[in-house]
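Student: This is the structure alone, sequence omitted:
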């Protein structure tokens, strides 16, 4: 049980349409290049990659303790991922952008099963982070009040207002507009 994880979901906006127009080899090569770069950014920021799901990427900060540091690291990772994609070559004719959502709260982490095991995290925090991404906007990092409370002044924020999210009702949300100096 981890009380203060910051869970991030990122999704490539426009991926499905672009994928239909390129070969499978081109598609897999593109995803490998992008996700390998994201893995490096996770390493640099000290955030744990959890998994990829198609064109989606999931990571979490604060899993080893340090909820505040984990939130700040996850927010900085998200901004670097967006910057990377803005400079990235197109997939075929399509320029892809990221939509990112982050929510902070308790999770359960571990490995279950005994075949093809992988470390994963579970709980309503994970579900709400995914919904933050799904209701976000491309080239933006949408965050919840619990994330803002943890990360505090490490970022500049733009209020987005309340969103009604399945399983949570109305939640106040913000966009991270910039990282402030450490």
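Tutor: Thanks, I have it. Because the structure is predicted, anything quoted here is derived from the model rather than measured.
Student: quick one, what contacts residue 173?
Tutor: Residue 173 makes contact with 132, 135, 142-145, 159-163 under the criterion CB atoms under 8 Å, 6 or more residues apart in numbering. Using the backbone N, CA and C atoms, a C-beta is placed for each residue, glycine as well.
Student: and if we set it to 7 Å?
Tutor: For residue 173, the contact set (CB atoms under 7 Å, 6 or more residues apart in numbering) comprises 132, 142-144, 160-161, 163.
Student: Give me the nearest residue to it, chain neighbours excluded.
Tutor: With sequence-adjacent residues excluded and distances taken as CB to CB, 6 or more residues apart in numbering, residue 173 is closest to residue 160, at 4.5 Å.
Student: Return the distance of the top helix by length along the chain from the chain's centre.
Tutor: For the chain, the longest helix by residue count, based on DSSP state H, is helix 24-45. Distance, stretch centre to chain centre, for helix 24-45: 14 Å (CA atoms, centre = their mean, to the nearest Å).
Student: And for stretch 100-110?
Tutor: That offset, for stretch 100-110, works out to 10 Å (CA atoms, centre = their mean).
Student: which outside residues touch that stretch?
Tutor: 1-10, 63, 71, 74-75, 78, 81-82, 121-123, 125-126, 128-130, 132-133, 136, 141-144, 146-147, 150.
Student: Just the buried ones from these?
Tutor: Using 16 or more other CB atoms under 10 Å as the burial test, the contacts of stretch 100-110 include 2, 4-10, 63, 71, 74-75, 78, 81-82, 121, 123, 125-126, 128-130, 132-133, 136, 141-144, 146-147, 150 as buried.
Student: So which of those residues belong to helices?
Tutor: Those of the buried ones among the contacts of stretch 100-110 lying in helices (DSSP H): 71, 74-75, 78, 81-82, 125-126, 128-130, 132-133, 146-147, 150.
Student: which one of these sits closest to residue 114?
Tutor: Of all those, the one with the least separation from residue 114 (CB to CB) is residue 126, at 22.5 Å.
Student: for the protein, which strand is longest?
Tutor: strand 97-110 (DSSP state E).
Student: and it, which strands flank it?
Tutor: When pairs are called by DSSP bridges, strand 97-110 turns out to pair with strand 2-13 (antiparallel), strand 120-122 (antiparallel), strand 140-144 (parallel).
Student: After the longest helix of the chain, which helix or strand is next?
Tutor: strand 48-53 (DSSP states H and E).
Student: Now do that following strand against helix 124-134, angle only.
Tutor: Using axes from the mean of the first three to the mean of the last three CA atoms, to 10 degrees, the inter-axis angle of strand 48-53 relative to helix 124-134 is 60 degrees.
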